[in-house]
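Q: Sharing a model prediction with you, sequence too.
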Amino acid sequence: MEPIVDLYTPPLLKPYGQSFTLNPAGQNISNRKRKNSIWYYDSPNIFEKGIQLFTGICKFTQSDFITLAYGNTRIVCASLYPIERAFFDNKLGTGKLNDVAVDFISSVGRQRVDFIQAITSYFDVLTNELAFYKQMEGVPVNTEIGKCTYKLANSYQEIAQHIATEVAGETTIFFILSIEGMHVLHSNFNIEGKANEAAVMANLAKLKDWKPRPFVAF
């Protein structure tokens, strides 16, 4: 099967959220049996399939790197996406009932829900999410289909050369940085939702200095 390119996928959403059960938060690991690993693979059972069928809520992983490797998805635009506070601070408030509800829907973990409800800087979260990806970049993981790893793509030539010379039984997934939403530039975010213009422009300058520069979908 020819390699697949996915233009939008959020493999970080659930494992990064589950890492908030640890101290410190934000630890990505190679143990693919742990929920805070980007390699954690959770195949759906009958109950989870039923939930998805009748509610549209997905309780299993869909874009973890094991699933990507199984499907021969070799290039992904991997989204960095600090979840907006308003998604988790709704009409139910910020109490336990709301936390349970939004955690059930999102599967990011109660601790992550609490963190997002109190967030003041989306840009800090953005840089932490990038750090989460980089922790396991280039670290091989043994799977049923052989040795797998992932790497941040720097150029098309790098990807093409690697795939053309790849050793049998080894799979490398290249991810291209993708950023979702202008809100990622906000820091010093206040309760009224107002942003500091100077801080936004300073964060934009920092983003332009990232190497490689990310794609940004506003």
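A: Now that the structure is in, tell me what you want to look at.
Q: Does anything pack onto the lengthiest helix in the chain? Which helices or strands?
A: Identified as the longest helix of the chain according to DSSP state H is helix 122-135. Of the remaining helices and strands, those touching helix 122-135 by 3 or more Cβ pairs under 8 Å, 6 or more residues apart in numbering; DSSP states H and E are helix 13-18, strand 73-80, strand 170-180, helix 197-208. C-betas here are computed from N, CA, C, even on glycine.
Q: Can you give the distance of it from its chain's centre?
A: 9 Å (Cα atoms, centre = their mean, to the nearest Å).
Q: got the residue ranges for the helices in this protein?
A: 13-18, 46-55, 65-70, 85-88, 96-106, 110-117, 122-135, 156-164, 197-208.
Q: how about these, which one is nearest residue 150?
A: Of all those, it is helix 65-70 that lies closest to residue 150, at 5.6 Å by Cβ to Cβ.
Q: who's in contact with the closest one?
A: Defining contact as Cβ atoms under 8 Å, 6 or more residues apart in numbering, one finds that helix 65-70 is touched by 6, 9, 11, 32, 38-41, 61, 76, 141, 143, 145, 148, 150, 171, 173.
Q: switch the cut-off to 10 Å
A: The contact list for helix 65-70, computed with Cβ atoms under 10 Å, 6 or more residues apart in numbering, reads 4, 6, 9, 11, 15, 32, 37-43, 60-62, 64, 73-76, 78, 136, 141, 143-146, 148-150, 171-173, 175.
Q: Correct me if wrong: residue 27 contacts residue 128.
A: No - applying Cβ atoms under 10 Å, one finds residue 27 not in contact with residue 128, separated by 11.0 Å.
Q: Spit out the residues that contact these two alike.
A: Common contact partners of residue 27 and residue 128 (Cβ under 10 Å, 6+ apart): 16, 19.
Q: Columns distance to residue 185 on top of the helices of the chain, output as CSV?
A: Converted to CSV, the helices of the chain look like this (distance: least, Cβ to Cβ, whole Å):
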stretch, distance to residue 185
helix 13-18, 19
helix 46-55, 34
helix 65-70, 28
helix 85-88, 15
helix 96-106, 23
helix 110-117, 17
helix 122-135, 6
helix 156-164, 27
helix 197-208, 5
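Q: In terms of residue numbering, what are the domains of the chain?
A: 4-82+121-217, 87-118 (automatic domain parsing).
Q: Got a quick PyMOL command for the buried subset of the contacts of helix 65-70?
A: Of the contacts of helix 65-70, the buried ones go into a single PyMOL selection, burial set by 16 or more other Cβ atoms under 10 Å:
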select buried, resi 6+9+11+15+32+37+38+39+40+41+42+60+61+64+73+74+75+76+78+136+141+143+148+149+150+171+172+173+175
